[in-house]
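*Asks:* Quick one, structure for this:
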Amino acid sequence: MEAKELLKAMFDAAIAAAQPALCIPPHLSAPRRGRLVVIGAGKASAAMARAVERHYPGKLEGLVVTRYGYAVPCERIEIVEAAHPVPDAAGLHAAERMLETVRGLTADDTVLCLISGGGSSLLPLPLEGITLEDKQAVSRALLASGASIGEMNCVRRHLSAIKGGRLAAACHPAHVVTLLISDVPGDEACDIASGPTVADASTCADALDIVRRYGIALPGKVRQVLESGAGESVKPGDPRLAGHEVRFVATPQMALEAAARVAGEAGVAVHILGDSLEGEARDVGKVMAGMALQVARRGQPFKAPCILLSGGETTVTVRGDGRGGRNVEFLLSAAIALRGEPGVYGLAGDTDGVDGQEEIAGAWFAPDTLQRAFDKEIRPMQSLDRNDGHGFFQALGDAIVTGPTLTNVNDFRALLITAGA
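*Replies:* Take a look at the predicted model:
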């Protein structure tokens, strides 16, 4: 199997392992007394809802919100589309309706909450006094700051009328079951879509510390909410969340293991370096490139042929005016560090099919990538300085476009070393 073919097959396997049609049905219980109300948010939520409709044997109703372009047809669960990563009015109104949907339930009723990555932007209902425009400004600032996903979602939870456990509290006294497709390092439930149905131990003071750390300018009312403590989320031990169930149905580690099996079947050893690697994308790219060079030139710590595989969510501190995402930034940085090393190939992509704000999943490189760029008078370092990974790889014909994958288990990064010392 050729290098690109193998890496692409691994990426496809990672996405397939997290498909809701596969991972949702085993977690559906037999019908209980009372109503079943299905709610949810995220890039995978519509596909999750369809899986519930097809496999749950009883009556149900509900509402979920997903990213534009990620809707799938459902018969009993209403699907609403909204904007990601910067929220819009459609998401705000969907969040309002979701809260109304779960109010007035009884202890005999069950709420099935379907949550996946992207839900933070899709449920942007702000606390009283904060406007949607305020939330949009804070969202843009966080996305450009270099803050980790956990740090961004800590701030989001304390400005929200629905996240940070507030949606679960609104369901009381109904029984709540949350099914999660994780897209965050460490599979922290409170960070997936900013935890609308799980308790949150972080505080407004923590959110303010993050804002100060990254020099984020806050609208006046937003700062007032955080400084006054009015944005405190629902804390562990809150009786309204007692007895709630939280289940992970798909995680980054599961996806990486599925990808590793593909390589194993092709006779190539895979070394999973971690499912929750974080840091600046360009720095992670340099580190993984350094490891690949050690394998290729020294046979350490692994012998070639092999693949170095990792997941997680890196960050990009935006300083340029290019079209970039964290995966192509990682990949371009790694390619530059490798300097055309013979026998080293790479692929990186977001399993949701969208790297950054582009409808492009990621890209791949080969030993001749830099030379092909020079031949086109493209300067790789200039592209990196401009955060223009998408522009760089598209110009070479090396972008990877999947379309909406209907799932999201974070990033996929693989370096293949075909021969070594």
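*Asks:* in its sheet, what does the longest strand anywhere in the chain sit against?
*Replies:* Secondary structure assigned by DSSP state E gives strand 269-277 as the longest strand of the chain. In the sheet, strand 269-277 lines up against strand 306-312 (parallel) (DSSP bridges).
*Asks:* Compute the mean per-residue pLDDT across the partner strand, please.
*Replies:* Mean per-residue pLDDT for strand 306-312: 97.
*Asks:* ok, and what's touching that strand?
*Replies:* Residues outside strand 306-312 that contact it (C-beta atoms under 8 Å, 6 or more residues apart in numbering): 7, 10, 185, 252-253, 255-256, 259-260, 263, 268-278, 288, 291-292, 295, 302, 409-417. C-beta coordinates here come from the backbone N, C-alpha and C atoms, glycine included.
*Asks:* same question, stretch 71-83
*Replies:* Contacts for stretch 71-83 (C-beta under 8 Å, 6+ apart): 38, 46-47, 49-50, 52-53, 60-70, 88, 90-91, 94, 97, 121-122, 406.
*Asks:* and it, which residues are buried?
*Replies:* By neighbour count on 16 or more other C-beta atoms under 10 Å, the buried set for stretch 71-83 is 71-72, 74, 77, 79-83.
*Asks:* start to end distance for it?
*Replies:* 12 Å (C-alpha to C-alpha, to the nearest Å).
*Asks:* mind listing the strands for the stretch 51-200 of the chain?
*Replies:* Secondary structure of the stretch 51-200 of the chain by DSSP state E, counting those that start in this stretch: the strands cover 61-67, 77-82, 110-116, 175-181.
*Asks:* Including distance to residue 374, could the ones you listed go into CSV?
*Replies:* Conversion of these to CSV gives the following (distance: least, C-beta to C-beta, whole Å):
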stretch, distance to residue 374
strand 61-67, 37
strand 77-82, 42
strand 110-116, 41
strand 175-181, 41
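*Asks:* Could you point out which of these sits nearest residue 30?
*Replies:* Within the strands of the stretch 51-200 of the chain, the stretch nearest residue 30 is strand 110-116; the backing value is 11.1 Å (C-beta to C-beta).
*Asks:* quick one on the thing from earlier: on the C-terminal side of the longest strand of the chain, identify the next helix or strand.
*Replies:* Of the helices and strands lying after strand 269-277 in sequence (DSSP states H and E), the nearest is helix 281-298.
*Asks:* Kindly calculate the angle that that next one makes with strand 269-277.
*Replies:* When axes from the mean of the first three to the mean of the last three C-alpha atoms, to 10 degrees is applied, the directions of helix 281-298 and strand 269-277 differ by 160 degrees.
*Asks:* Just the mean pLDDT for helix 281-298, thanks.
*Replies:* Mean predicted confidence for helix 281-298 is 97.
*Asks:* Tell me the gap between it and the middle of its chain.
*Replies:* Distance, stretch centre to chain centre, for helix 281-298: 24 Å (C-alpha atoms, centre = their mean, to the nearest Å).
*Asks:* buried ones in it?
*Replies:* 281-282, 284-289, 291-296.
*Asks:* If residue 312 is in a bridge, with which residues?
*Replies:* Beta-bridge partners of residue 312, as defined by DSSP bridges: residue 277, residue 411.
*Asks:* what about the strands in the stretch 301-421 of the chain?
*Replies:* Secondary structure of the stretch 301-421 of the chain, counting by DSSP E, counting those that start in this stretch: strands at 306-312, 344-350, 362-365, 399-400, 411-417.
*Asks:* May I have the beta-bridge partners of the closest residue to residue 42 other than its chain neighbours?
*Replies:* Spatial nearest neighbour of residue 42, excluding adjacent residues (C-beta to C-beta, 6 or more residues apart in numbering): residue 116 at 3.1 Å. Bridge pairing for residue 116 (DSSP bridges) gives the partners residue 181.
*Asks:* Now do the contacts for residue 116.
*Replies:* 40-45, 48, 180-181, 183, 192-193, 407-408.
*Asks:* what do you get if the cut-off is 7 Å, keeping everything else the same?
*Replies:* Applying C-beta atoms under 7 Å, 6 or more residues apart in numbering, we find residue 116 in contact with 42-45, 48, 181, 183, 408.
*Asks:* With residue 405 instead?
*Replies:* Going by C-beta under 7 Å, 6+ apart, residue 405 touches 15, 351-353.
*Asks:* at 10 Å what do you get?
*Replies:* 12, 14-16, 18-19, 43-44, 47, 70, 349-354, 361 (C-beta atoms under 10 Å, 6 or more residues apart in numbering).
*Asks:* now it: how far from residue 283?
*Replies:* For residue 405, the distance to residue 283 equals 27 Å [C-beta to C-beta, to the nearest Å].
*Asks:* So residue 330 sits against residue 356, correct?
*Replies:* No. If you go by C-beta atoms under 10 Å, residue 330 and residue 356 don't touch, sitting 11.6 Å apart.
*Asks:* what about these two, which has more around it?
*Replies:* Neighbour count, other C-beta atoms under 10 Å: between residue 330 and residue 356, residue 330 has more, with 32 against 21.
*Asks:* contacting residues for residue 282?
*Replies:* Per C-beta under 10 Å, 6+ apart, neighbours of residue 282: 314, 316-317, 326, 329-334, 336-337, 384-385, 387, 389.
*Asks:* One more: residue 127?
*Replies:* Residues near residue 127 by C-beta under 10 Å, 6+ apart: 134-135, 158-162, 166, 221-222, 225, 230-231.
*Asks:* Spatially, which residue comes closest to it, not counting chain neighbours?
*Replies:* In space, residue 127 is closest to residue 161, 5.2 Å off (C-beta to C-beta, 6+ apart).
*Asks:* Quick check: phi and psi on the one you found?
*Replies:* Dihedral pair for residue 161: phi -90, psi 0, per degrees, to the nearest 10.
*Asks:* and it, what is it in contact with?
*Replies:* 92, 95-96, 99, 123-128, 130, 167, 170, 231.
*Asks:* Show me the contact partners of stretch 391-398.
*Replies:* 4, 322-324, 327-329, 331-332, 335, 347, 358, 360, 362-366, 368-370, 372-373, 375-376, 378-380, 382-384, 386, 388, 399-401.
*Asks:* Mind doing that once more with 6 Å?
*Replies:* 322-323, 328, 332, 363-364, 372, 378, 383, 399 (C-beta atoms under 6 Å, 6 or more residues apart in numbering).
*Asks:* between the contacts of residue 282, which has the most around it?
*Replies:* The residue in the contacts of residue 282 with the most neighbours, by other C-beta under 10 Å, is residue 389 (34 neighbours).
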